[in-house]
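Undergrad: Fold the following, please.
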Amino acid sequence: MSETPVPVVLAGAHGHGRSHLRNVAALAEEGLVRLVGVCDRAPLAGSELAGHSGVEQSGDLGALLRRTGASVTILCTPIHTHLPLARTALEAGSHLLLEKPPTATAAEFHALAEAVAASGAACQVGFQSLGSAAIEAVRSLIADGAIGEVRGIGGAGTWVRSSQYYARAEWAGRRSLGGVDVVDGALTNPFAHAVATALALAGAQREVADDIELELFHAHGIESDDTSCLRLHTPDGLPISIAVTLCAATSRPPRLVVHGDAGRITLFYTLDEIRLERPGREPETTVHPRTDLLRNLIEHTRGGAPLLVPPEDTAGFMAVLDAVRRAPDPLPIPAGMQRVTVENDVVHRVVH
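TA: From the prediction side, this is the model:
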C-alpha cells in the first residue's frame with residue numbers, strides 16, 4: 001500500500017512562496033503530500049488553489065496547525081518573522097522547511113537550534129543549492145587531485161533588480177524594521193546561496209570564521225547592500241572571496257570557482273553545472289541532479305534519510321550574516337559610478 005500523503009501547511013504564499021505552492025502541487029500529484037492550509041495575511045484566491053481541495057486559510061499559524069494537524073510546515077515569511085513562527089510550528093509538533101536565511105541574527109539562530117532540539121521535530125533550511133549532487137561531485141574532483149592543490153574559492157553574482165524589487169515589501173532592503181533586525185542584503189538573501197555553497201564546497205559549512213571582511217555598498221536608495229564583497233578564511237586557512245551585485249547590466253548565472261594550482265572547477269550552482277578546466281585539455285562540463293528539499297524532509301521523517309540542510313549546516317553562513325548585521329551601514333555608490341534609467345516609473349540602476 002502507498003503511504004498516506006503528508007499534510008502540509010504553507011506559511012507565506014506570496015512572492016517566493018508561490019514557488020513552494022507550485023512544488024507542493026507537483027508533489028501532491030505524486031501522492032507524497034497534501035496541502036491542508038495556507039497562512040498569510042492576504043488569502044489566496046480560489047483560482048490560485050486550483051488542484052487543491054479543502055485548504056483552510058488563516059493569518060494565525062498556531063490555530064491553523066491545531067485545526068489541520070499538519071505534519072510539515074513550509075515557512076516562507078519575512079526574515080525577521082522566522083524565529084517566532086518556527087517556534088509556533090515546532091511547538092505544534094510540525095516538522096519544518098524553513099526558508100533561508102534561517103534567522104536574522106546569530107542569537108536567534110542559537111534559539112532556533114534550541115527550539116528544534118526541544119521539539120524533537122526536524123528542521124530543514126531552504127538552501128536549495130545544497131540539495132545538488134554537484135556539490136559532492138566538486139568535492140570528489142578536489143579529493144581526486146583533479147586541479148592539484150586548492151588555492152582558494154571565488155564567487156561572482158550579477159543580477160538585475162529594479163526599484164520594484166525593493167518596493168514589493170516593507171522589509172525589502174532593510175537592515176532593521178521597527179527596531180527588529182532584518183538584514184535583507186545582497187549577500188544575506190538573494191546571493192545567500194553563493195555564500196552557503198562556497199562554504200559547503202570547502203567543507204566549512206559548520207565552521208564559524210573569525211576574520212570576515214566586508215565591503216558593503218548600495219546604489220538603490222535602501223538601507224542594506226546591493227553591491228558587496230566578502231572575504232573570509234576557513235579554519236584551515238583557505239580563502240573564500242565573493243563579489244555580487246543586484247545592479248548589473250544583465251543577469252547571468254552566478255558561479256563559484258575553485259582555484260587549484262593545476263586547473264579550476266567552476267560551479268554554476270543555479271544550474272547544477274560543473275565545468276572542469278585544466279591546461280592543455282578541453283574543458284569538461286557535467287550537469288548533476290538535485291534533490292528537492294521538501295521531498296528529502298519527508299523521506300527523513302518517514303525513513304530516517306539524512307537531512308540535506310539541517311540548521312547546523314548553516315552555521316558558517318550565519319556567521320557571515322551576523323557580520324553583515326554588525327558591520328557599519330553600507331556606503332552609497334556615487335552617481336558618477338552608475339547608470340540610471342526609468343521606465344514606467346521603475347528605476348533601473350547599473351553599477352559600472
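
Undergrad: Quick check: what element follows the host helix or strand of Arg325 along the chain?
TA: Arg325 is part of helix 315-326, with elements assigned from DSSP states H and E. Using DSSP H and E, the next helix or strand after helix 315-326 towards the C-terminus is strand 331-332.

Undergrad: That following strand pairs with which strands?
TA: strand 213-218 (parallel) (DSSP bridges).

Undergrad: orientation of the partner strand relative to helix 315-326 in degrees?
TA: Orientation check (axes from the mean of the first three to the mean of the last three CA atoms, to 10 degrees): strand 213-218 against helix 315-326 gives 60 degrees.

Undergrad: Can you give the contact residues for strand 213-218?
TA: 173, 185, 187, 224-232, 323-324, 327-333 (CB atoms under 8 Å, 6 or more residues apart in numbering). Using the backbone N, CA and C atoms, a C-beta is placed for each residue, glycine as well.

Undergrad: again, 7 Å this time
TA: 185, 224-232, 323-324, 327, 330-333 (CB atoms under 7 Å, 6 or more residues apart in numbering).

Undergrad: now swap in stretch 315-334 and tell me
TA: So stretch 315-334 is contacted by 101-102, 105-106, 109, 181, 183, 185, 187-188, 192, 195-196, 199, 204-209, 212, 214, 216-219, 224-225, 227, 230, 351 (CB under 7 Å, 6+ apart).

Undergrad: any idea of the mean pLDDT for it?
TA: Stretch 315-334 shows a mean pLDDT of 97.

Undergrad: One more: stretch 127-136?
TA: On average, the pLDDT along stretch 127-136 is 98.

Undergrad: try stretch 78-88
TA: pLDDT averaged over stretch 78-88 gives 97.

Undergrad: can I get the CA coordinates of that stretch in CSV?
TA: Extracted C-alpha coordinates of stretch 78-88, given in CSV (Å, rounded to 0.1, in the frame of the first residue of the first chain):
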residue,chain,number,x,y,z
PRO,A,78,9.9,37.8,6.1
ILE,A,79,13.3,37.1,7.6
HIS,A,80,12.5,38.8,10.9
THR,A,81,9.4,36.6,11.5
HIS,A,82,11.3,33.2,11.1
LEU,A,83,12.1,32.5,14.7
PRO,A,84,8.7,33.2,16.3
LEU,A,85,6.8,31.3,13.6
ALA,A,86,9.3,28.5,13.6
ARG,A,87,8.7,28.1,17.3
THR,A,88,5.0,28.1,16.7
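
Undergrad: returning to that earlier point: quick one: which of the contacts of stretch 315-334 sit in strands?
TA: 181, 214, 216-218, 227, 230, 351 (DSSP state E).

Undergrad: Sort out which residues of the helix holding Arg325 are buried, please.
TA: Using 16 or more other CB atoms under 10 Å as the test for burial, helix 315-326 gives 315-325.

Undergrad: what does stretch 96-115 give?
TA: Within stretch 96-115, the residues that count as buried by 16+ other CB under 10 Å are 96-106, 108-109, 111-113, 115.

Undergrad: So what touches stretch 106-124?
TA: For stretch 106-124, using CB under 7 Å, 6+ apart, the contacting residues are 83, 86-87, 90-91, 93-98, 102-103, 293, 296-297, 300-301, 307-311, 318, 322.

Undergrad: which helices and strands does the longest strand seen in the chain pack with?
TA: The strand that spans the most residues within the chain, counting by DSSP E, is strand 247-260. Strand 247-260 is packed against strand 150-160, helix 192-201, strand 263-268, strand 346-351, with contacts defined by 3 or more CB pairs under 7 Å, 6 or more residues apart in numbering; DSSP states H and E.

Undergrad: Noted, bye for now.
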